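**Q** Next comes the sequence, and after it the predicted model I'd like to discuss.
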Amino acid sequence: MDKIKITQTRSIIKCLEKQKRTIKALGLGRPNYSVIQPKNIQILGMIAVVNHLVCVEDITA
């Protein structure tokens with residue numbers, strides 16, 4: 001299964017509550033944190049909500 005690396009690039013201080021919860025659900029919390037998640041529809045939907053706060057890279061095995 002493909003995986004993606006998600007890095008938070010901006011702070012969530014002045015963001016909407018929905019965006020803050022989405023960042024927490026992705027496993028992020030502060031700028032320059034990175035997580036590796038499976039590439040599926042749910043994760044891609046969450047990334048679409050906070051795409052202005054994160055940077056996404058594909059990881060191929």
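**A** Right, received. Where do you want to start?

**Q** Pretty sure residue 60 sits against residue 2.
**A** Yes - Residue 60 sits in contact with residue 2 when judged by Cβ atoms under 8 Å, with a separation of 7.2 Å. C-betas here are computed from N, CA, C, even on glycine.

**Q** who has more neighbours, the two?
**A** When neighbours are counted by other Cβ atoms under 10 Å, residue 60 and residue 2 differ, and residue 2 comes out ahead with 10 against 5.

**Q** wait, the more buried one sits on residue 37?
**A** No - with contact defined as Cβ under 8 Å, residue 2 does not count as touching residue 37 (10.3 Å).

**Q** excluding its backbone neighbours, what's nearest residue 27?
**A** If the residues on either side of it in the chain are set aside, residue 27 comes closest to residue 35, at 4.3 Å by Cβ to Cβ, 6 or more residues apart in numbering.

**Q** What helix or strand is that neighbour located in?
**A** With elements delineated by DSSP states H and E, residue 35 resides in strand 34-38, which encompasses its position.

**Q** Give the pairing partners of that strand; include direction for each.
**A** Within its sheet, and counting by DSSP bridges, strand 34-38 is paired with strand 3-8 (antiparallel).
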